[in-house]
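K.L.:
I'll drop the sequence and a predicted model, then ask my questions.
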Amino acid sequence: MSGHAATAPDRAVALAGVRYLRTFDGTEPTPGIRAAIRDGRATGVMPFRHRNVGSPAQVRALTAQLQAARPEGAPLLLIGLDQEGGQLQAVLPLPTGGDGRVALVAPVPVDLTPAETSSYLRLGLPQALRERGVEVHELVMPLDPSPAEASAIAAAIAGHEAAIICLYDAVGFGGQAALVRRVLAAASPDRPTVVVALRTPYDVAVVPGHVALACSYGIQAAQMEALADALVGRIPFAGTLPLELDGAGGGGDE
């Protein structure tokens, strides 16, 4: 009987390769990951945003290179995409230091209940971001934008490096969710867009599920300062919603 039997460590390595996704550093496949794929020791790869992602075109090239490393006749690799930290981690931090203008779209705060005093406040997020080095272009939207108003805002922010859309009771004013969808449809695929629910987390349920979302639970100065810190990467978005929202990301019809 010729050849040699695989040892227990050899079998363990082989099993690990076919049952777990491999990782590597760099925007191109390393010699080590290419060899693992070629030798059948890796049947799946997990790119990470901070380790492997530069641009949409670069990611397409990377996945093609990984697939090309397979031996002839081998099945396609399983290529995942890590999103640890949620969708916000994928688009933040915002550019600072003059690296690009950020559009910030928000309605003027109003009192929606007899006990509310929001109309006495000015939304402090634009100024808080400017103090942190973000070049902000502020646009005021109506509380319930019409389709024409939504299209005009989407066109006005088309050339910006990033966009922040602030919602204020989008559950009650459907034009806000329609504006979000219109802005996303007009945006380039690689432009970061963040939607912020300024008042209640229920607004999260009426916007597309693939967009990055944050909830501030109010517009007091301390809340806006903390939100600005998180948007520029000074602090993490560490909280989670205290409730489950059925149908989140449904968006409805315009």
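P.N.:
Received, thanks. Residues are numbered from 1 along each chain as shown.

K.L.:
list the contacts of stretch 103-111.
P.N.:
Stretch 103-111 is touched from outside by 117-119, 121-123, 125-126, 129, 136-143, 153, 156-157, 160, 162-166, 168, 176, 179, 183, 198, 219, with contacts defined as C-beta atoms under 8 Å, 6 or more residues apart in numbering. (Each C-beta comes from the backbone N, C-alpha and C, glycine too.)

K.L.:
which of these fall in helices?
P.N.:
Residues of the contacts of stretch 103-111 located in helices (DSSP state H): 125-126, 129, 153, 156, 176, 179, 183.

K.L.:
got TSV for those, with pLDDT too?
P.N.:
Formatted as TSV, the ones in helices among the contacts of stretch 103-111 follow (pLDDT from 0 to 100):
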residue	pLDDT
Leu125	94
Pro126	94
Leu129	94
Ile153	94
Ala156	92
Gln176	93
Leu179	93
Val183	89
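
K.L.:
closest one of those residues to Ala36?
P.N.:
Val183 (41.9 Å; C-beta to C-beta).

K.L.:
tell me the domain boundaries of this structure?
P.N.:
Here the domain parsing of the chain from automatic domain parsing is 8-79, 87-231.

K.L.:
mind checking the SS state of Ala103?
P.N.:
Under DSSP: H, G, I helix; E, B strand; the rest coil, Ala103 falls in the strand class.

K.L.:
beta partners of it?
P.N.:
Beta bridges link Ala103 to His137, Ala163 when assigned by DSSP bridges.

K.L.:
shift numbering so it begins at 369
P.N.:
Okay, using 369 as the starting number, the last item reads as Ala471.
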